[in-house]
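In: for reference, the sequence and a predicted model appear below.
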Amino acid sequence: MSDKLYKGWEIVIGLEVHAQISSKSKLFSRSPANFGADPNTNVSLYDAALPGQLPVLNNFCIEQAVKTGIAIDGTINKISVFDRKNYFYPDLPSGYQISQLYHPIVTNGKIVIEEEFGEKTINIERIHIEQDAGKSIHDLSPNETYIDLNRSGVPLMEIVSQPDMRSSSEAMQYVKKLRMILRYVGTCDCNMEKGNIRFDANVSIHKPGTPFGTRTEIKNINSIKFLGFAIDYEVERQVSLLEIGGKVVQETRLFDPNTGETKSMRSKEDAADYRYFPDPDLKPITLTDEFIKRIRNNMPELPDAKKKRFIDIYALNIYDANILIEDIDVANKFEEAVNASRFASTNSPKLIANWMISEVFAVLNKEGKSINELDFPIIYIAEMVDLIIDGTISGKIAKTVLNEMFTTKRKPADIVQDMGLSQISDETIIREVVEKVLKNNQEKVKEYKSGKDKLFGFFVGVTMKELAGKGNPEKINKIIKEVLGY
């Protein structure tokens, strides 16, 4: 849903993104935080909330949160405090979650997204650190619920936006950009299949010029596509309800991907319902200027800066640069290929980008593979492009070479040599073939000279066929014009 107004209503969207911090161990214990372990094997005495067990803060998670805050141009608060958020669920053994309400570690960040008619800034209210709960499993038995505490205590960053988004497409763009930033700085791998990043969408509608309407919260969305579907459905539901005189109730809802609908889960709690208070077992986090400066000075290149550099240094257009920077692994592979090219200072970066985007991605997408699962070293693309630039092969022959690279994983130069694919660029040989073609097609030569310009392509095609598809196209065109007297 891209319209800023929908049936005369303005849409207001704020997002809470729960991103699992990339850390080997949990937030307050030394238990592994890895995915896929057997149930209840990554559980310490503290994770199970056994009496007498105290939390020990994982300082690496603090560094990761600060790095994320710097990446979104946020304010890093030198003092932040952990609070207890009190609620009871079977998969939360302590009866409370350790989070940050009153004094989060990061405030006042922003992300710039690209819209159809320009850029838009989405403001970020805060990033706070918290521990995840365990997992309740309901589908193993019709009569029992099973509890897996492996995720209990896994470190999370909750990234809370301001209600600045006005359409599902803006929300999706925001999440894509945020996910890209997190992967660039290495603070979250953003693997949605593992639940390492999840979205809560707060949605309300109102007539322009009136106060914001009552919002509903759609919880635990694990797909950008589903995020868009959920928001669109919820907007339509609220509009339909209000236009018949109904009332939107503040509540928590879940999105069902099978039906495409949001369904009521429970009434929406306010902060007071959770009885937040500072955790008595944890001291406030105190950061020094030196600590923050060290992290700032070691920040990696961010997506917007990389995009600008690709355009400025490699002469890529905006479209190609956007595709290449979207995935940090793709961007790195592209630069690895460029650095391996003999013509990196001239036109090979653009050609490498074209081959990666149009040909390599097509095969990888078909096979369901990532760029890191490419069947051959990425520098082979650079070597193949170099063979095109130096005239050894044509672009058409290069497609044969690329297919053979996917099949045999051999170097392009070896494929060209073994299969006899070298391009014929000897002008003496080409001229002999051109003269023969024109001599055997005198009637068409007369027609061409009388104004049928399209026959030029016929001469090129026949010449190329005579040369078994190995003729240098540029030289064939040049020599035909010379022989015809043009």
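Out: It's in. Residues are numbered from 1 along each chain as shown.
In: what comes up buried for the longest helix seen in the chain?
Out: Taking DSSP state H as the criterion, the chain has its longest helix at helix 224-243. Neighbour-count burial for helix 224-243, counted by 16 or more other CB atoms under 10 Å, picks out 224, 226-235, 237-239, 242. Heads up, the C-betas are built off the backbone N, CA and C, glycines and all.
In: what distance separates it from the centre of its chain?
Out: Taking CA atoms, centre = their mean, to the nearest Å, the mean C-alpha location of helix 224-243 is offset from the chain mean by 24 Å.
In: elements contacting that helix?
Out: With contacts defined as 3 or more CB pairs under 8 Å, 6 or more residues apart in numbering; DSSP states H and E, helix 224-243 has these neighbours: strand 9-20, helix 168-185, strand 197-206, strand 216-221, strand 251-256, strand 261-267.
In: pLDDT of stretch 291-307, averaged?
Out: For stretch 291-307, the mean per-residue pLDDT is 97.
In: helix or strand: which one has D281?
Out: If you go by DSSP states H and E, D281 is not part of any helix or strand.
In: per-residue pLDDT of it, please?
Out: Looking at D281, the pLDDT reads 96.
In: that one is in contact with P55, isn't it?
Out: Yes - taking contacts as CB atoms under 8 Å, D281 lies within contact range of P55: 5.6 Å.
In: which of those two has more neighbours?
Out: A direct count of neighbours by other CB atoms under 10 Å for D281 and P55 places P55 higher, at 18 against 13.
In: mind checking pLDDT for that one?
Out: 97.
In: wait, isn't F406 in contact with Y380?
Out: No - the pair F406 / Y380 is not scored as a contact, 10.1 Å apart, by CB under 8 Å.
In: higher neighbour count, those two?
Out: More neighbours surround Y380 than the other of F406 and Y380, with 22 against 15 (other CB under 10 Å).
In: elements contacting the helix or strand harbouring the more buried one?
Out: Taking DSSP H and E as the definition, Y380 sits inside helix 379-389. Secondary-structure packing of helix 379-389 (3+ CB pairs under 8 Å, 6+ apart): helix 328-340, helix 348-355, helix 395-408, helix 412-419.
In: any idea of the angle it forms with helix 328-340?
Out: 50 degrees (axes from the mean of the first three to the mean of the last three CA atoms, to 10 degrees).
In: so for helix 379-389, mean pLDDT?
Out: Mean predicted lDDT for helix 379-389 stands at 96.
In: let's see that helix as PDB, backbone CA atoms only.
Out: C-alpha atoms of helix 379-389 as PDB (Å, rounded to 0.1, in the frame of the first residue of the first chain):
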ATOM      1  CA  ILE A 379      37.900 -13.500  -9.600                       C
ATOM      2  CA  TYR A 380      37.100 -15.800 -12.600                       C
ATOM      3  CA  ILE A 381      34.400 -13.200 -13.500                       C
ATOM      4  CA  ALA A 382      37.100 -10.500 -13.600                       C
ATOM      5  CA  GLU A 383      39.400 -12.800 -15.700                       C
ATOM      6  CA  MET A 384      36.500 -13.400 -18.100                       C
ATOM      7  CA  VAL A 385      35.700  -9.700 -18.400                       C
ATOM      8  CA  ASP A 386      39.400  -9.000 -19.100                       C
ATOM      9  CA  LEU A 387      39.300 -11.500 -22.000                       C
ATOM     10  CA  ILE A 388      36.300  -9.500 -23.400                       C
ATOM     11  CA  ILE A 389      38.100  -6.200 -23.000                       C
END
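In: between it and helix 348-355, how many degrees?
Out: Using the same axes, to 10 degrees: helix 379-389 against helix 348-355 is 110 degrees.
In: quick one on the thing from earlier: list the contacts of the longest helix of the chain.
Out: Here helix 224-243 makes contact (CB atoms under 8 Å, 6 or more residues apart in numbering) with 1, 6-7, 9, 11, 13, 168-169, 171-172, 175-176, 179, 192, 199, 201, 203-205, 213, 216, 218, 221, 247-248, 253, 255, 257, 260-262.
In: and those, which of them are buried?
Out: Here, 16+ other CB under 10 Å leaves 1, 6, 9, 11, 13, 168-169, 171-172, 175, 179, 192, 199, 201, 203-205, 213, 216, 218, 221, 248, 253, 255, 262 buried among these.
In: show me where pLDDT drops low in the stretch 251-400 of the chain?
Out: 268-272 (pLDDT under 70).
In: how much space separates K78 from T107?
Out: Separation of K78 from T107 (CB to CB, to the nearest Å): 12 Å.
In: what about these two, which has more around it?
Out: T107 (18 against 14).
In: wasn't that one part of a strand?
Out: Yes - assessed with DSSP: H, G, I helix; E, B strand; the rest coil, T107 lies in a strand.
In: surely it is in contact with T75?
Out: Yes - using CB under 8 Å, T107 is in contact with T75, at 5.0 Å.
In: so what's P90 scoring on pLDDT?
Out: Looking at P90, its pLDDT stands at 85.
In: surely it meets E144?
Out: No - counting by CB under 8 Å, P90 does not reach E144; the two are 11.2 Å apart.
In: who has more neighbours, these two?
Out: More crowded of P90 and E144, by other CB under 10 Å: P90, with 11 against 8.
In: one step back: between strand 197-206 and the longest helix of the chain, find me the angle.
Out: 20 degrees.
In: then helix 224-243 to PDB, C-alphas only?
Out: The C-alpha atoms that make up helix 224-243 are tabulated as PDB, following Å, rounded to 0.1, in the frame of the first residue of the first chain:
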ATOM      1  CA  ILE A 224       9.500  -8.300   5.200                       C
ATOM      2  CA  LYS A 225       6.800  -9.500   2.800                       C
ATOM      3  CA  PHE A 226       4.500 -10.500   5.700                       C
ATOM      4  CA  LEU A 227       5.200  -7.100   7.300                       C
ATOM      5  CA  GLY A 228       3.700  -5.400   4.300                       C
ATOM      6  CA  PHE A 229       0.700  -7.800   4.100                       C
ATOM      7  CA  ALA A 230       0.000  -7.400   7.800                       C
ATOM      8  CA  ILE A 231       0.000  -3.600   7.700                       C
ATOM      9  CA  ASP A 232      -2.200  -3.500   4.600                       C
ATOM     10  CA  TYR A 233      -4.700  -5.900   6.200                       C
ATOM     11  CA  GLU A 234      -4.800  -4.000   9.500                       C
ATOM     12  CA  VAL A 235      -5.300  -0.700   7.800                       C
ATOM     13  CA  GLU A 236      -8.200  -2.100   5.700                       C
ATOM     14  CA  ARG A 237      -9.600  -3.600   8.900                       C
ATOM     15  CA  GLN A 238      -9.500  -0.400  10.800                       C
ATOM     16  CA  VAL A 239     -10.900   1.700   8.000                       C
ATOM     17  CA  SER A 240     -13.800  -0.700   7.500                       C
ATOM     18  CA  LEU A 241     -14.500  -0.700  11.200                       C
ATOM     19  CA  LEU A 242     -14.400   3.100  11.600                       C
ATOM     20  CA  GLU A 243     -16.500   3.800   8.500                       C
END
